[in-house]
Structures are given as C-alpha cells and as structure tokens.
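Visitor: Okay, sequence plus prediction incoming.
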Amino acid sequence: MKPTNMMTLMRRGVCIGPVGLMLCVVAVFPGVLQRTGHAQQTVSQATSQESTAQQIQQLTLAVANAQAQLEASQKQIRDLQRQLSALQERLATDTAAQTPPEIPASTPVAAGDANVPRQIDVLREQQAMQQSQIATHEQIKVESESKYPVKITGLILLNGFVNTKATDVIQAPTVVVKGDGSTGASVRQTVLGLDARGPHLFGATSRADLRVDFFGGASSQGGYSSAGGVLRLRTAHAAMDWKNTEAFVELDRPILNPNSPTSLTAVATPALAWSGNLWSWNPQIGINQNLAIGPWARIKLQAALIDVADPTIPGGTNKSNASLAERSRWPGSEARVALAGAKDDAGPEFGVGGYFSPHRTSGGARFNAWAGTIDYRLPMPARFELSGSFYRGQALGGLGGGGYKDYIYSSDGSNYSIHALDDVGGWAQLKERAGERLEFNAAFGIDNVFASELRLHYYDLPGDLSYQSLARNRTFFSNVIYSPSAYLLFSLEYRRIQSSPIMGSSENGNVWGLAAGYKF
C-alpha cells in the first residue's frame, strides 16, 4: 500500500477517535520513514561525491606526474639509442678502414689486365701492415721514468753521391771548390728521435721531442773521423699547448724561416743551406699566439729570444767558448707576424719577420746583427705548391747566411775597425704531388754578400780560405721522391752548385744523389 497523507485520512474521517488516530499514525509512519531515509541518503550521496572528486583530482595529479616521468624516460631512451647508433656507425667505419678491400668474386678479371698484379700487391701490403699493427699491441712498450708515453722514431737513410767537382763536405756539399770530384755512399744522415707526451699543467698539454744524427766529428779537412760518424744533436723541442697559445723552448731553425725545402739527400745539412736558407739550429725560447679572424683564416703572432752561434765552418773551431753574441751579454730577439689558414699545415700562409742581436768581438768591438724577412706558402691548382723565404740583413753567419761570415775588419797596423757584412738572399720551391706516394720538387736559392765590402777590407776567420773568399753561393736542385709504402722512401736528385769568390771565376759543380730510407 502506498503511504497516505494524514490530512487526507482526516478529511475522510478515518482518524476519529483513539483507535482511528493510531491507525492514521501507523498508516502515515512508513511514508515519513521513507522520506526521512531519502533525506539521509541524499546527504550521504553528497558527502560521497565530494570524497570521490578529491580522489579523482589526486589520481589525475598522480597520472600527470607518472606521464611526465614516462616521457622523460622515453627521451633518455631515445638519446641512448642515438648514441648507440653513432657508436655502431663509427665502429663500422673503423672496421671498414682497417679491412682491406676485397675483389668481388663476380667481378670478371681480364687475363691481360695490368692492374691485377698491382691490386694483389696492395692487398698483400695492407695485410702485412695490419699484422704488424696487431703485433705492435703485443710488444713491450717503451717506459719512461715519468710513466708518460714515449715513442721512438727514426729514419735509417743510405745516400749515394757523385760529385763532379771538389766540395766542402762530400756527403752533403754546400760549396764547390777547385779540385777533382768524388763518388761514395754514406749512412751518416740517419736520424733517430724520441717523442714524448707529458702531464696537463695550467690547462695546457705538454710535449717534447728530440732528434739526433751521426754527422758529427768533423776533422780539420772537413771530413769525418770514422765511417759511422759521431752522434750529433740536431733539434729539440719542449712545449705547452693551450687552445690558441703555445709556449716553447727549442733548438731549431729561426722562427723567421718556418718553411724548408724538400730533399732526401740533404738531411744532415738542410737543402739550400748557405744558399738562401736560414737554417742554423740555435737555442730559442718563445711564445706563439693564434688570433682567429674568421672561419678560414687566423693571424699568427710569434716572438722568441735566441742565442745565436758563430758561423759554423766545417773543420773550423771557435777561438773561445763564448760566441760573439754571448760576449755582448744581451740575447738576440726575433718576431714574426703571419696571415694563415685555419689549420697549421694546410692552406696558404704569408709572414713577415724581424731579427736583432748585439755582437761583440774578443777585442771589444761591437756590431749588430739584424734581418728583415718575408716567407710564404701558396697552394696552387693541380696539386702544386709554391713556398719560399727572402731576407735582407747584416751579420747573418750565425743563422746560416753571409757566406759563413758575420763581419770583416780593416787595419792600418795599429788600429782596426769592425764592419758587419751586408747580405741578401732567399729561396723558392715548386712542389707537385702526383699522388699520395709520388712528388716532384724543384728549388733555387742564393746567398749574396756585398762583394764591394769584401774587396775593401781584410778579415780574420778560422777555416779554409774558400769560405773567407766566398761572396755568393747559388744552388739549384730538382728531385723525385717515391714512397711505395708508409715506411719506405726512395729519391733521385740532381743538384748544381755555383760558388763565386771575391775575385776570379766561379766554380760550378754537379751533384747526383740517390737515397733510400726506412722510417720507423
């Protein structure tokens, strides 16, 4: 029965008397209870909805946080996958570079193909090189006391020579004199070296190297005391390298002449020495600074102090242990500014430099040595390259110029005066790289002392009279250098030297040289 309203029952007369009233209450009470239950249920539902909304909000925040963490994890996974792919590509590239190329089995090879033997030789050479590299890892390494890596390098060099005229040093001639020629062979130009890497200091990497040969032990005749020669220090370097700065101490050619002619038969004394190449190895301490001016160019600033030796004359000896520059008690100085490419050994380069060094003789007379220089290196089309250097100065015997002389003096019997010799010279070389293993070189150099100064004065220098009377020395050479592998070198060279004294005719001599070297 549906719940009935009490007012309705009363209108019908049902709720009359105690019994009727009780019946009305009983009839109406279920409805009241039902409505009360509905009210309580509504209140309970409202409270439950608020709690559910809060839980949903909390769950939404938790899901958002989890989704953000999931996206970050996925990004890390994608980065790791890219790094793994790059490593796999690099490994594949290195493996391909180390693996000799194979001739496909499907490639037909003609019986008369002349390239087949060469391809087979190349494959055998690459296989032997790989086996050598693998064996290197099993060798006992050179260990230094500092525990930093040290590498032994060198060039075992045999050179044969044919001189059509008498020369100052038959194995490595620079001056031609009167007399008969000579023919022979020598291994004294063999070079040994050490390369070392040191610790990182003040944000810089440190390194050092040393080179020696067996061209020492000169006798009074300009020859050598033994067939094997005597060990001689050639060059040495120690440097600290920052990103754009280098501080160094070295025994090497002056920074004014950064380039050098290419020759495999003139190693003990560099090519074009005393013919325009300021090559003498002197102690120096200095700094190099690179200033980038664009993506393809930079400016090189170089400065150094130099202890210049007296002119080096084969067979001669210095009169005292102190050189003319050391007697002045002031070091020489040199500086160079160059416009160069972005890389050290690539691209064009053009530089200008200056040199100044006070000198003092044993008698107390003073004079100054100085020079202004220009050097260049110009890559050209068809794998050609032009390089060289020019200079003008005074008293350049200590740098490898001046006809082996720094100064002259005149005397009237009781008084004498010192005069530094003026000098001008330079060299130029044209190189053609016909391939990775073959190159051709042709070069010319001249050193010219002012002959008018020599004619008006007398001078006193030790050594053979040919050096004292030398006014001009010119050398031309051309060579071909072939390297069938990374370790073997062969060269054939022709050299013509013309030496001119103060007075009289010039002496001309031809030098034919053959060289075979093994690098390690």
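Guide: Sure, I can see it.
Visitor: Helices along the stretch 201-350 of the chain, start to end?
Guide: All helices of the stretch 201-350 of the chain, identified by DSSP state H, counting those that start in this stretch, fall at 324-327.
Visitor: which stretches of it have low pLDDT?
Guide: Judged against pLDDT under 70, the low-scoring parts of the stretch 201-350 of the chain cover residues 218-227, 314-320, 344.
Visitor: repeat for the stretch 1-150 of the chain
Guide: The stretch 1-150 of the chain contains residues with pLDDT under 70 at 1-50, 92-118, 121, 128-141.
Visitor: at 80 what do you get?
Guide: Along the stretch 1-150 of the chain, the parts satisfying pLDDT under 80 run over 1-55, 57, 59-60, 62-64, 66-67, 69-71, 73-74, 76, 79-81, 83-147.
Visitor: ok but residue 65 is inside a helix, no?
Guide: Yes. Assessed by DSSP: H, G, I helix; E, B strand; the rest coil, residue 65 belongs to a helix.
Visitor: Check the gap between it and residue 78 for me.
Guide: Distance of residue 65 to residue 78, computed by C-beta to C-beta, to the nearest Å: 21 Å. Where C-beta positions appear, they are placed from N, C-alpha and C, glycine not excepted.
Visitor: So what sits opposite residue 390 in the bridge?
Guide: residue 374, residue 426 (DSSP bridges).
Visitor: Number of residues surrounding it?
Guide: 16 (other C-beta atoms under 10 Å).
Visitor: who touches the residue lying closest to residue 269 once chain neighbours are set aside in this structure?
Guide: Spatially, and ignoring its direct neighbours in sequence, residue 269 is nearest to residue 172 (4.6 Å; C-beta to C-beta, 6 or more residues apart in numbering). With C-beta atoms under 8 Å, 6 or more residues apart in numbering as the criterion, the residues that contact residue 172 are 189, 215, 265, 266, 267, 268, 269.
Visitor: just residue 193 next, same as before
Guide: Residue 193 neighbours (C-beta under 8 Å, 6+ apart): 152, 153, 154, 209, 210, 211, 212.
Visitor: re earlier: of the contacts of residue 172, closest to residue 162?
Guide: Out of the contacts of residue 172, the one with the shortest distance to residue 162 is residue 265. That distance is 11.1 Å, counting by C-beta to C-beta.
Visitor: Could you say which helix or strand holds the nearest residue to that closest one once chain neighbours are set aside?
Guide: Leaving aside its chain neighbours, residue 265 sits nearest to residue 513 (3.4 Å; criterion: C-beta to C-beta, 6+ apart). When secondary structure is defined using DSSP states H and E, the element that contains residue 513 is strand 507-519.
Visitor: Strand partners (parallel or antiparallel) of that strand?
Guide: Here strand 507-519 is paired, per DSSP bridges, with strand 150-163 (antiparallel), strand 488-501 (antiparallel).
Visitor: Of the ones you listed, flag the one that's most buried.
Guide: For the strands paired with strand 507-519, average neighbour numbers computed from mean count of other C-beta atoms under 10 Å are highest in strand 488-501, which has a mean of 19.
Visitor: what's the spacing between that strand and its chain's center?
Guide: 28 Å (C-alpha atoms, centre = their mean, to the nearest Å).
Visitor: could you give the mean pLDDT of it?
Guide: Taken as a whole, strand 488-501 has an average pLDDT of 97.
Visitor: who's in contact with residue 407?
Guide: Shown here is residue 407, whose contacts under the criterion C-beta under 8 Å, 6+ apart are 359, 361, 367, 395, 418, 419, 420, 421, 459.
Visitor: Next up, phi/psi of the first one, please.
Guide: Residue 359 has phi and psi values of phi -130, psi 160 when expressed as degrees, to the nearest 10.
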